[in-house]
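> how would this look folded up:
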Amino acid sequence: MSLTPAAAAEVTRPTSTLLLRLAGPLLAGGMLCLPCAAAKATPMQTLDSILTTYNVYLSGNMGSAANPYTSDSQGPMAVGGNAFLRSFSTASSTANGVAALTVGGNLTEQSGTINGNAFVGGTASFPTNFGGTTVAGSLNAVGGVGTAPTQVTGGTHTGSGVALPLSFSAVSSDLAAASQLLASQAQTSGDTVQIVNGNQIRLNANAAGINYFILTAAELADLGSASFTINAAHAGETIVINIDNAGAVTFGAPGNFGFTLNGVSAENVLFNLANAATVTMANMSLQGSLLAPEATVNFTNGNIVGSLIADNLNSVTYQDGEFEDGLFDGSLPAPQANDPTDVPEPSSFALFGAALALLACGMRSRRLRAAQPID
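Predicted coordinates for the structure are as follows:
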């Protein structure tokens, strides 16, 4: 249906500011044992690998001791801090060739299934007050096992000989940098944002390749029923939606946020909230991946068709959002020859770069097409 000038207003917004935060942290934990590489992965390569591998990646904590996270994830998860889970199934449909669950701190799971190998940097404990937990693979915990799971099919390994399959410090630093690089992009020429009746948003993506849009937190918060439409003019387009807010971001009125995707699938949509401190979603199905590396996310009664990348994920027990298969399948900007992060690194970083490169190449040989360069 066409819109009259009174019903739709195209909004032009300024480019977000590039805030490149590259700390170069030292690696902590174990590495994948792969042949040596010449350079570390660039931020975009790291982001691509995480988006196409994990349903959930958190730098911090998932749930809490008082409110364990209760839901399920169809793909693998990686939690850099402590993970508190209850009645949770991990990697129920997609393994992606990696550990089903990787936790940098302590893991406490009160019933559920880990559908593959589990790696824990601290102590792994499986209280039985809500039922037993099955590890359908190996259980690997640097800090040992407290209460043992009901069943482990692949054996249990503990102590300093256990190495985590990824470095959370290195990955999280790259993800923050990649998010800022995406946020620096101006809206794609020829693309339009229409605000309809003050409570609906229509994105019209007219360029082949990557389409960048810029929205405000206020526009998202005002959304009403069946409110978010993306129209793609070309097959295979990637939609990157930058939200230019450094505080709290809310996705519409609870229960009234709906998506209509025309010519594009959820696998090709990425919401980028580079500077958000908190993100709130309730009673909705997010059609796309959410990149909010600095944010604490509150997500109740809904699902994400894609990946969640954030700092912390809070829980309201038995009302938590689910994570469904539909991992990112779009394109990201190719690293440029003068990318300041694409420099030789010590051998520990080289191993990490090789791990990401091998994973990305093995799973998606077509990835990282240079649709629109980063200046």
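> so how far is Gly306 from Val162?
Val162 is 31 Å from Gly306, where distance means CB to CB, to the nearest Å. For every residue, glycine as well, the C-beta is placed using N, CA and C.
> of the two, who's got more company?
Applying other CB atoms under 10 Å to Val162 and Gly306 shows that Gly306 carries more neighbours, namely 29 against 19.
> got a list of what that one touches?
266-267, 269-270, 286-290, 324, 326-328 (CB atoms under 8 Å, 6 or more residues apart in numbering).
> how about the helices in the stretch 251-375 of the chain?
Secondary structure of the stretch 251-375 of the chain (DSSP state H, counting those that start in this stretch): helices at 347-363.
> For the residue nearest the centre of the chain, name its beta-bridge partners.
Most central in the chain under CA atoms, centre = their mean is Ile309, positioned 2.7 Å from the mean C-alpha point. Beta-bridge partners for Ile309, by DSSP bridges, are Tyr57, Leu291.
> Also Gln287?
Counting by DSSP bridges, Gln287 is bridged to Val305.
> can you check Glu322 too?
Counting by DSSP bridges, Glu322 is bridged to Asn303.
> cool, Thr280 as well?
Counting by DSSP bridges, Thr280 is bridged to Thr250, Asn298.
> For the helix or strand hosting Asn242, what is the distance to the chain centroid?
Secondary structure from DSSP states H and E places Asn242 in strand 238-243. Remark: strand 238-243 is offset 14 Å from the chain centroid, using CA atoms, centre = their mean, to the nearest Å.
> which helices and strands sit right next to it?
The contact analysis (3 or more CB pairs under 8 Å, 6 or more residues apart in numbering; DSSP states H and E) places strand 238-243 against helix 168-183, strand 200-205, strand 210-215, strand 269-272.
> nearest to Thr52, of the ones you listed?
Shortest distance between Thr52 and the helices and strands packed on strand 238-243, using CB to CB, is found for strand 269-272: 11.6 Å.
> looking at the helices and strands packed on strand 238-243, which is buried most?
Mean neighbour count, computed with mean count of other CB atoms under 10 Å, is highest for strand 269-272 among the helices and strands packed on strand 238-243, reaching a mean of 27.
> List of residues touching that strand?
51, 179, 182-183, 230, 238-243, 261, 286-292, 306, 328, 330.
> Can I get that strand as PDB, trimmed to CA atoms?
Backbone C-alpha positions of strand 269-272 (Å, rounded to 0.1, in the frame of the first residue of the first chain) are rendered in PDB as follows:
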ATOM      1  CA  VAL A 269      19.100  -8.200   9.500                       C
ATOM      2  CA  LEU A 270      21.400  -6.800  12.200                       C
ATOM      3  CA  PHE A 271      20.500  -4.300  14.900                       C
ATOM      4  CA  ASN A 272      23.600  -2.500  16.100                       C
END
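> show me the contacts for the nearest residue to Ala176 once chain neighbours are set aside.
Leaving aside its sequence neighbours, Ala176 sits nearest to Pro293 (CB to CB, 6 or more residues apart in numbering; 4.6 Å). Neighbouring residues of Pro293 by CB under 8 Å, 6+ apart: 59, 172, 175-176, 179, 274, 309-311.
> how near is Pro293 to Ser93?
Taken as CB to CB, the span from Pro293 to Ser93 is 26 Å.
> cool, Ala78 as well?
Separation of Ala78 from Ser93 (CB to CB): 17 Å.
> Of those two, which one has the most company?
Using other CB under 10 Å as the criterion, Ala78 and Ser93 rank with Ala78 on top: 27 against 13.
> where's the residue nearest to Ala176 relative to Asn303, distance?
21 Å.
> Can you name the residues that contact the residue nearest to Ser138 when sequence neighbours are not counted?
Nearest residue to Ser138, sequence neighbours excluded (CB to CB, 6+ apart): Gly154, at 3.4 Å. Shown in contact with Gly154 (CB under 8 Å, 6+ apart): 117, 135-139.
> so where's the stretch 201-350 of the chain uncertain?
Counting by pLDDT under 70, the ranges of the stretch 201-350 of the chain that qualify are 225-226, 254-256, 336-350.
> picking that back up, report the inter-axis angle for the strand holding Asn242 versus strand 200-205.
In terms of direction (axes from the mean of the first three to the mean of the last three CA atoms, to 10 degrees), strand 238-243 departs from strand 200-205 by 140 degrees.
> could you give the angle of strand 238-243 to strand 210-215?
Going by the same axes, to 10 degrees, strand 238-243 makes 20 degrees with strand 210-215.
> I would like the residues contacting strand 238-243, please.
With contacts defined as CB under 8 Å, 6+ apart, strand 238-243 is touched by 16, 182-183, 185, 203, 205, 209-217, 220, 230, 232, 249, 264, 268-274, 276, 288, 330-332, 371.
> quick one: strands adjacent to that strand?
When DSSP bridges is applied, strand 238-243 pairs with strand 210-215 (parallel), strand 269-272 (parallel).
> Reformat those as CSV; add distance to Val297.
Listed next are those as CSV, based on distance: least, CB to CB, whole Å:
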stretch, distance to Val297
strand 210-215, 18
strand 269-272, 12
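> of these, which approaches Ser64 most closely?
Set against Ser64 and scored by CB to CB, the strands paired with strand 238-243 come closest in strand 269-272, at 25.0 Å.
> Quick one: neighbours of the closest residue to Val264 other than its chain neighbours, just the number.
Nearest residue to Val264 in three dimensions, chain neighbours excluded: Ala232, at 3.9 Å (CB to CB, 6+ apart). Burial of Ala232 is recorded as 23 neighbouring residues (other CB under 10 Å).
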